[in-house]
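**Student:** generate coordinates for the sequence data below:
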Amino acid sequence: MLLAIDIGNTNIVFGIFEGKKLIRSWKVKTERDKTCDEYGVTLLNLLSLSGPEKTEIKSTILSSVVPPLTPVFQDLSRSLFGINLLVVGPGLKTGMAILYENPLEVGADRVVGAIAAYEKHGGPCIVVDFGTATTFDAVSSKGEYLGGSIAPGIQISAEALYLKTAKLPRIEIKKPKEAIGRTTVASMQSGLHFGYIGLISNIIEEIKKELGGEAIVISTGGFAAQIGHEVKSINFQEPNLTLDGLRILYERNKK
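**Tutor:** Here you go, the predicted structure:
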């Protein structure tokens, strides 16, 4: 079995694959100061509750946008499973040309998502990832990673309103009953919800123009279920897109 690990700025997602099938997945909070032993206890507890035996894990692969945690999980893979962790980064065979001016600047999670989207849906395609940041990644009809856009995530925007103003409260992010809010909370929810739908729709349309007018649009990430279905131009929701991409990358690099 393969253990795929996706370390994001807010959450870490673990996925267990048996062949091509994702049989278990868990999400825990990203904590930069945790040690290998602490994360090891967390993972062992998850496996003991609902996962396979740790002896069944034969391979591990990691995508991370939090560099200090990469060596922590390399140590974890060796100590728990006796396996050298495959890390997404320079030297890994992706099967996808990266046409960024500096390919090293592209977040590993963005490349992994683009690979999975093209493998599953073909191209041209656009991946919208509703994470800590909301990212948009464009893949050509030939399967080339072209680049994209990065916007503040909806949670970051909500926190900024709370932290950078004197009187606005911290709020729950949810769809309001009406666009015209009649309380401060409802007004903030309106601005965040409908504003984000507009932001996402507009960026998708601008990228589509540069791709020639048509593209398959796939959404993923924490707020995809809440916001993504409101955006008419999104064709597919893939909550496990990054885990699928990690599996595909492992298969392309296993010896």
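**Student:** in this structure Pro239 contacts Gln226, no?
**Tutor:** No: contact between Pro239 and Gln226 fails when scored by C-beta atoms under 8 Å: they sit 11.8 Å apart. No exception for glycine: its C-beta is placed from N, CA and C like everyone else's.
**Student:** any idea how far His193 is from Thr55?
**Tutor:** 47 Å (C-beta to C-beta, to the nearest Å).
**Student:** same check on Tyr196?
**Tutor:** In terms of C-beta to C-beta, Tyr196 sits 45 Å off from Thr55.
**Student:** same check, this time on Leu46
**Tutor:** For Leu46 relative to Thr55 (C-beta to C-beta), the value is 15 Å.
**Student:** what do you get for Ala4?
**Tutor:** From Ala4 to Thr55 the distance is 18 Å (C-beta to C-beta).
**Student:** those two - which one has more neighbours?
**Tutor:** Neighbours per residue (other C-beta atoms under 10 Å) separate Ala4 from Thr55, with Ala4 holding more: 27 against 9.
**Student:** where does the more buried one land on pLDDT?
**Tutor:** We have a pLDDT of 98 for Ala4.
**Student:** spit out the contact partners of Leu44.
**Tutor:** By C-beta atoms under 8 Å, 6 or more residues apart in numbering, the contact set of Leu44 is 54, 80.
**Student:** check which helix or strand it maps to.
**Tutor:** helix 36-50 (DSSP states H and E).
**Student:** one more: Lys174?
**Tutor:** Short version, using DSSP H and E: Lys174 is in no helix or strand.
**Student:** ramachandran coordinates for it?
**Tutor:** With angles defined as degrees, to the nearest 10, Lys174 sits at phi -160, psi 160.
**Student:** from Ile173, how far off is Phe223?
**Tutor:** Taking C-beta to C-beta as the measure, Phe223 falls 8 Å from Ile173.
**Student:** overlap in contacts, these two.
**Tutor:** By C-beta under 8 Å, 6+ apart, the residues touching both Phe223 and Ile173 are 154-155.
**Student:** Ala4: which element?
**Tutor:** Secondary structure (DSSP H and E) places Ala4 in strand 2-7.
**Student:** name the surrounding residues that touch that strand.
**Tutor:** Counting by C-beta under 8 Å, 6+ apart, 12-17, 30, 57-66, 69-70, 73, 77, 81, 109, 112, 242-243, 246-247, 250 sit against strand 2-7.
**Student:** quick check on those residues: which are buried?
**Tutor:** With burial judged by 16 or more other C-beta atoms under 10 Å, the buried subset of the contacts of strand 2-7 is 12-17, 30, 57, 59-66, 69-70, 73, 77, 81, 109, 112, 242-243, 246-247, 250.
**Student:** run the chain-centre distance for the strand holding Ala4.
**Tutor:** Strand 2-7 sits 12 Å away from the centroid of its parent chain (C-alpha atoms, centre = their mean, to the nearest Å).
**Student:** each with direction, which strands does that strand pair with?
**Tutor:** Sheet pairing of strand 2-7 (DSSP bridges) gives strand 11-18 (antiparallel), strand 59-64 (parallel).
**Student:** need those in TSV with distance to Tyr100, can you?
**Tutor:** Formatted as TSV, those follow (distance: least, C-beta to C-beta, whole Å):
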stretch	distance to Tyr100
strand 11-18	24
strand 59-64	17
